[in-house]
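In: give me the fold of what follows.
(4 chains)
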Protein chains: 2
Amino acid sequence: MNGATETIDARLPRYEQIRESLRMRISNGEWKPGTALPAETELAEQYGVALGTMRKAIAMVVEDGLVERAHGKGTFVRSEMQHASMFRFFRFRENPQGEALTVPHTVIHDMREVTLEPEIGERLHAGRSRRGIFLLRTRRFADGPGLLERIWLPFQPFKSLLKIRPEQFGDLLYPFYREHCGIAITRASETISFGGLTKEDALLLDMAQGDPVAVIERTAFSLEGEAVEFRITQGDARKFYYNVEIR
Amino acid sequence: MNGATETIDARLPRYEQIRESLRMRISNGEWKPGTALPAETELAEQYGVALGTMRKAIAMVVEDGLVERAHGKGTFVRSEMQHASMFRFFRFRENPQGEALTVPHTVIHDMREVTLEPEIGERLHAGRSRRGIFLLRTRRFADGPGLLERIWLPFQPFKSLLKIRPEQFGDLLYPFYREHCGIAITRASETISFGGLTKEDALLLDMAQGDPVAVIERTAFSLEGEAVEFRITQGDARKFYYNVEIR
DNA sequence: CAGTGGTCTAGACCACTCC
DNA sequence: GAGTGGTCTAGACCACTGC
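Out: Residues are numbered from 1 along each chain as shown, chains lettered A, B, ... in the order given. Next up is the predicted model:
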């Protein structure tokens, strides 16, 4: 369903094949987040390659963000629940110096199955299907309203979410995707722009119609490289800061 | 003056030492942009290391963005004048689909030696010195005013810029820094926010006081890792799009 | 064809962590 | 001291480019 059973292209270099294999084994839960993989020497034996090749494959999985290596300790599957990675894709700040990131309190206002509009469907790996899931939520920081998010998901790997009551959703969706749908988000693409609030959106954010907002459109990708989430986030432009490291 | 003559820390791994050496040799102009480095086998011989070590060192310089490798052809010094890299740090767009990026026409309104204010000086590697250079310029796209930029540089490596008449500046500063001051920009950090125009700035942008603008603060770093430029760019928020790939 | 970078091997030794 | 990852070697062979 999510590509884990596909065969690996034998024309690729060995280290690429092993990288894919490791990604699948991690994705399938063979090694749980926080636990260690076997030592590189043992993995090299398992795969029947030299140490150098094995090390190259592991290095790529490190670059993919799936595991971390610690000299003298081992190679560990990254758990997405850790603080550092929780905010990997969450970059609003309340103020420029505000390093004290707290998880915002989240309220889900709407969740339902929808027919994906073409503009949205094109951005998701939903196959031929137009079936999707739509979520509308707000995320509030300590000092009041913060963000308004519209989220679209393809129906197929996410349908189990519909059985969960909105109150039971956590404040962070990505760990939720992983636990309930087996989807790990590893990469995303964001576009930032500027806009004005509609009347309805203004109500949800305790702001006024036409107030300036930052708009972030994000497409998030699974381990297998498929676009599995599209979301549009809006928040008060006057409180918006976004930092990027280039190159 | 810019660290090229520093000795390389012998406690570092060989491939790190070689990486530094390659960076310096490129930075010193031993191999010009667009030309090829010696073959990896020859470099390995020069440095007296095994091929694998040499390859690792070169791989790091590739990651640094200094060279590109082409199978069967060679290892080439990247020329910053090429289209792709010209816009590496320049991410305004006129519209979301606008892939047809043209170099904006640039006008320098002011250039002078200044005493750096503490907030600015802290962000630059200016040593103990408070001496700096300030530039004010606008960059116009085909359909009218675009960006307003304030740029601060430490006096020391950039003082030769003051001898150049503003009309002789090109539309792109980074190649200019390289040619006249021997400073290659390889990395930058940007923070995006939104604000309103002051009366004076509005005049320069043909906009009105209080109009919404995107504000990008950028700190740019040299090959040696020193902060050598701080700039604040403002542009019409309604025309602003900024794309980021995460992880 | 010669010359380049890309893959891969089978070892050796070092540095770090934890018991 | 046992086990882990990090560095490094000295080869072999393959794949691509350009003459």
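In: which strand residues bridge the closest residue to A:Leu173 other than its chain neighbours?
Out: Spatially, and ignoring its direct neighbours in sequence, A:Leu173 is nearest to A:Ile151 (7.4 Å; Cβ to Cβ, 6 or more residues apart in numbering or on different chains). C-beta: built from backbone N, CA, C; applies to glycine. Taking DSSP bridges as the rule, A:Ile151 bridges to A:Leu135, A:Arg231.
In: next, count neighbours for A:Ile151.
Out: 19 (other Cβ atoms under 10 Å in any protein chain shown).
In: now do the one 4 residues further on
Out: By the criterion of other Cβ under 10 Å, A:Phe155 has 20 neighbours.
In: buried ones in the host helix or strand of A:Tyr174?
Out: Assessed by DSSP states H and E, A:Tyr174 sits inside helix A:173-181. Residues of helix A:173-181 classed as buried: A:Leu173, A:Tyr174, A:Pro175, A:Phe176, A:Tyr177, A:Arg178, A:Cys181 (neighbour count, 16 or more other Cβ atoms under 10 Å in any protein chain shown).
In: show me where chain A has its helices.
Out: For chain A, the helices defined by DSSP state H occupy A:14-27, A:40-47, A:51-63, A:83-86, A:118-121, A:155-158, A:173-181, A:199-205.
In: and these as TSV, adding mean pLDDT and distance to B:Leu161?
Out: Formatted as TSV, the helices of chain A follow (pLDDT from 0 to 100; distance: least, Cβ to Cβ, whole Å):
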stretch	mean pLDDT	distance to B:Leu161
helix A:14-27	92	47
helix A:40-47	96	51
helix A:51-63	95	38
helix A:83-86	44	40
helix A:118-121	91	47
helix A:155-158	90	55
helix A:173-181	84	47
helix A:199-205	94	46
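In: dump those helices to JSON lines, plus distance to B:Asp206.
Out: Shown next, in JSON lines, are these (distance: least, Cβ to Cβ, whole Å):
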{"stretch": "helix A:14-27", "distance to B:Asp206": "52"}
{"stretch": "helix A:40-47", "distance to B:Asp206": "61"}
{"stretch": "helix A:51-63", "distance to B:Asp206": "45"}
{"stretch": "helix A:83-86", "distance to B:Asp206": "43"}
{"stretch": "helix A:118-121", "distance to B:Asp206": "33"}
{"stretch": "helix A:155-158", "distance to B:Asp206": "48"}
{"stretch": "helix A:173-181", "distance to B:Asp206": "43"}
{"stretch": "helix A:199-205", "distance to B:Asp206": "30"}
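In: and of the ones you listed, who's closest to DNA strand D?
Out: Distance to DNA strand D, taken as Cβ to the nearest atom of the strand, is lowest for helix A:40-47 among the helices of chain A, at 3.9 Å.
In: quick one: that closest one to helix A:14-27, angle?
Out: 100 degrees (axes from the mean of the first three to the mean of the last three Cα atoms, to 10 degrees).
In: so helix A:40-47 versus helix A:51-63, what angle?
Out: Here the directions of helix A:40-47 and helix A:51-63 differ by 100 degrees (the same axes, to 10 degrees).
In: close to DNA strand C, is helix A:40-47?
Out: No: contact of helix A:40-47 with DNA strand C (Cβ under 7 Å from any atom of the strand) is absent, the minimum separation being 7.7 Å.
In: residues in contact with that helix?
Out: Helix A:40-47 is contacted from outside by A:14, A:18, A:21, A:37-38, A:50-51, A:53-55, A:57-58, A:75, using Cβ atoms under 8 Å, 6 or more residues apart in numbering or on different chains.
In: give me the buried subset of those residues.
Out: The buried subset of these - by 16+ other Cβ under 10 Å - is A:Arg14, A:Ile18, A:Ser21, A:Leu37, A:Thr53, A:Met54, A:Arg55, A:Ala57, A:Ile58, A:Thr75.
In: I'd like those residues as JSON lines, with distance to DNA strand D appended.
Out: Conversion of the buried ones among the contacts of helix A:40-47 to JSON lines gives the following (distance: Cβ to the nearest atom of the strand, whole Å):
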{"residue": "A:Arg14", "distance to DNA strand D": "12"}
{"residue": "A:Ile18", "distance to DNA strand D": "14"}
{"residue": "A:Ser21", "distance to DNA strand D": "16"}
{"residue": "A:Leu37", "distance to DNA strand D": "6"}
{"residue": "A:Thr53", "distance to DNA strand D": "11"}
{"residue": "A:Met54", "distance to DNA strand D": "9"}
{"residue": "A:Arg55", "distance to DNA strand D": "6"}
{"residue": "A:Ala57", "distance to DNA strand D": "12"}
{"residue": "A:Ile58", "distance to DNA strand D": "7"}
{"residue": "A:Thr75", "distance to DNA strand D": "4"}
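In: the domain parsing of chain A - what is it?
Out: Chain A breaks down into these domains under automatic domain parsing: A:3-77, A:86-239.
In: hey, C-alpha coordinates of stretch A:13-27 in CSV?
Out: Provided in CSV are the C-alpha atoms of stretch A:13-27 (Å, rounded to 0.1, in the frame of the first residue of the first chain):
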residue,chain,number,x,y,z
PRO,A,13,24.4,0.7,-6.8
ARG,A,14,24.5,-1.6,-3.9
TYR,A,15,24.5,1.2,-1.4
GLU,A,16,21.4,2.6,-2.9
GLN,A,17,19.7,-0.7,-2.7
ILE,A,18,20.7,-1.1,0.9
ARG,A,19,19.6,2.4,1.7
GLU,A,20,16.1,1.6,0.3
SER,A,21,16.1,-1.6,2.2
LEU,A,22,17.0,0.1,5.5
ARG,A,23,14.3,2.8,4.8
MET,A,24,11.7,0.1,4.4
ARG,A,25,12.8,-1.9,7.4
ILE,A,26,12.6,1.2,9.6
SER,A,27,9.3,2.2,8.0
